[in-house]
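Engineer: Structure for this input, please:
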Amino acid sequence: MKKKRIGILFALCLLAGCGRLSNTTTDFFSMDTFMSLTVWADSEAQAQAAAVQIEQHINTLSNALSRQVAASTLAQLNAANGQPVTLDADAYAALEKAVQYAELTAGAFDPTTAPLSDLWGIGTEQAAVPAESAIQQALSHVGYQNIELLGNNQARLNNGAQVDLGGIGKGYATDAASGFQTPLLARLGGNIGAYGQNPNRKDGSWVIGLADPDNSAAYIATVSVQNESVVTSGDYERYFEQDGIQYHHIFDPTTGYPAQTGLRAVTVVDQQSTFADAMTTALFVMGLEKGKDFCAQYDIAAAFITKDRKIYITEGLQGRITLADGADYEIIA
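Structural biologist: Presented below is the predicted three-dimensional model:
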């Protein structure tokens, strides 16, 4: 549902000459976004080999989890007209997680919003506000309850539903990258994974910057993490303007329109990037008050950036987030 461009900057505090590990950085395009991997190992050759292996695995997942790749089993599921389809193991595992998170959030995150994404065309030259009748028609096919998980990697879609795993695909890939036994900073679009001991900081932590919604080349705050993922969804990532109104790509599955909750962005920090990916969407759709209550109930570390330039943080981020110098924002715990 969401295809985020890089919305987080990195305040890594890299110190030259620190530690004996060698590192390499590789940049590539996958899952419809720019990605970057920085890997540390005992030698440059080992670091390069690990980076190549991780990149290849991410590209494999990109094909498996994309509904736009005609050969993918996910595309075959969408084209099956309600017939059961045997999915690739990763596609089935990701779909299972998507359904789980949809149930957990009572549909605030919903992997069946593909008809809305196609209708609105946000991110394409055809982006425009659809007719109300077209929105209602698209909504008639939206609902995670239309997904049947049949076991043995088989699934079926009812009521003309279409699945899009873009809302958790990069999170799923980030989790896969975390399994490599090496210090790693994975920048997969809006999903950041920081794993192992940061060789450039004495305490081994990583310091990640949260992008300014008004200027994504700058950051408004930093958060300290270790062996965690930082994921952000915001209204500034993909949008268009029509008649002076901005329409972004994060849809409310109950209305068929971009969610209007007074938020500019939501960041979630969690060991599981797939979970964090889904939760950023769900919390954005819920809005500040419902979102905070949900985070308290499920112990989610999150930051809500509002249109009135405040950063509301949950208990899990207290003591871990710092306002950037000169940032015109206020942190509220």
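
Engineer: so what pLDDT did the residue lying closest to M279 once chain neighbours are set aside get?
Structural biologist: Among residues not flanking M279 along the chain, V268 sits closest, at 4.7 Å (Cβ to Cβ, 6 or more residues apart in numbering). Any C-beta I mention is one placed from the backbone N, CA and C, and that applies to glycine too. V268 carries a pLDDT value of 98.

Engineer: Show me what the helix or strand where V268 lies is in contact with.
Structural biologist: Using DSSP states H and E, V268 sits in strand 263-270. Contacting residues not belonging to strand 263-270 are listed as 7-8, 210-211, 213, 223, 225, 228-236, 275-276, 279-280, 283-284, 287-288, 291, 300-307, 316-317, 320 [Cβ atoms under 8 Å, 6 or more residues apart in numbering].

Engineer: Alpha carbons only: can I get that strand in PDB?
Structural biologist: The C-alpha trace of strand 263-270 is given here as PDB (Å, rounded to 0.1, in the frame of the first residue of the first chain):
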ATOM      1  CA  LEU A 263      -0.500  13.700  11.400                       C
ATOM      2  CA  ARG A 264       2.500  14.400   9.200                       C
ATOM      3  CA  ALA A 265       4.300  11.200  10.000                       C
ATOM      4  CA  VAL A 266       4.600   8.200  12.300                       C
ATOM      5  CA  THR A 267       7.800   6.400  13.300                       C
ATOM      6  CA  VAL A 268       7.900   3.000  14.900                       C
ATOM      7  CA  VAL A 269      11.000   1.300  16.400                       C
ATOM      8  CA  ASP A 270      10.900  -2.400  16.800                       C
END
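
Engineer: Tell me the helix or strand right after it.
Structural biologist: helix 273-286.

Engineer: how near is the residue nearest to M279 to M35?
Structural biologist: Applying Cβ to Cβ, to the nearest Å, the value for V268 to M35 is 19 Å.

Engineer: rewinding a little: report the buried members of the contacts of strand 263-270.
Structural biologist: Buried members of the contacts of strand 263-270, counted by 16 or more other Cβ atoms under 10 Å: 7-8, 210-211, 213, 223, 225, 228-236, 275-276, 279-280, 283-284, 287-288, 291, 300-306, 316-317, 320.

Engineer: quick one, what contacts the residue nearest the centre of the chain?
Structural biologist: Note on the chain: the residue nearest the mean C-alpha position is D277, at 3.7 Å, using Cα atoms, centre = their mean. By Cβ under 8 Å, 6+ apart, the residues touching D277 are 167-172, 174, 191, 231.

Engineer: That concludes my questions; thank you for your assistance.
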